[in-house]
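>>> heads up, no residue letters with this:
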């Protein structure tokens, strides 16, 4: 069973495995494959917006704000090298798809409305 996945970062930014979805988040020139499913109701975090302080991703389904540092701490281990991303999947996790999707959570979009924080 292959646990190491590699892909060109300009061709893909989203992984689907038998255990969940992950999207690529870049923070301070570090690459992270973070869980794309909100823990509240599995909303698509990659379609969320960045909070006005830049420290949280706000789920587009219910407005739950998740700390980006905590998401990065729980991310799949990955390394960026020469345009390639290498990702180590968890034990028992198998790759279903690697693809390029729209990720709003990395754009300069801010959400200033009242939101639930975690």
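Happy to help now that I have it. All values reported here derive from a predicted model rather than from experimental measurement. Residues are numbered from 1 along each chain as shown.
>>> Give the buried residues for the biggest strand by length in the chain.
Longest strand in the chain, counting residues (DSSP state E): strand 20-27. Across strand 20-27, burial judged by 16 or more other C-beta atoms under 10 Å covers 21-25. Any C-beta I mention is one placed from the backbone N, CA and C, and that applies to glycine too.
>>> Check the burial of residue 100 by counting its neighbours.
A count of neighbours around residue 100, defined by other C-beta atoms under 10 Å, yields 14.
>>> pLDDT score assigned to the residue lying closest to it once chain neighbours are set aside?
Leaving aside its sequence neighbours, residue 100 sits nearest to residue 12 (C-beta to C-beta, 6 or more residues apart in numbering; 5.3 Å). For residue 12, the pLDDT comes out at 90.
>>> if you average pLDDT over stretch 48-61, what comes out?
89.
>>> Span of that stretch from start to end?
Terminal residues of stretch 48-61 are spaced 8 Å apart (C-alpha to C-alpha, to the nearest Å).
>>> chain center to it, what's the gap?
Relative to its chain's centre, stretch 48-61 lies at 12 Å (C-alpha atoms, centre = their mean, to the nearest Å).
>>> Also stretch 12-21?
9 Å.
>>> And the helices in the chain, which stretches?
68-73 (DSSP state H).
>>> Go ahead and measure how far stretch 37-54 is from the middle of the chain.
9 Å.
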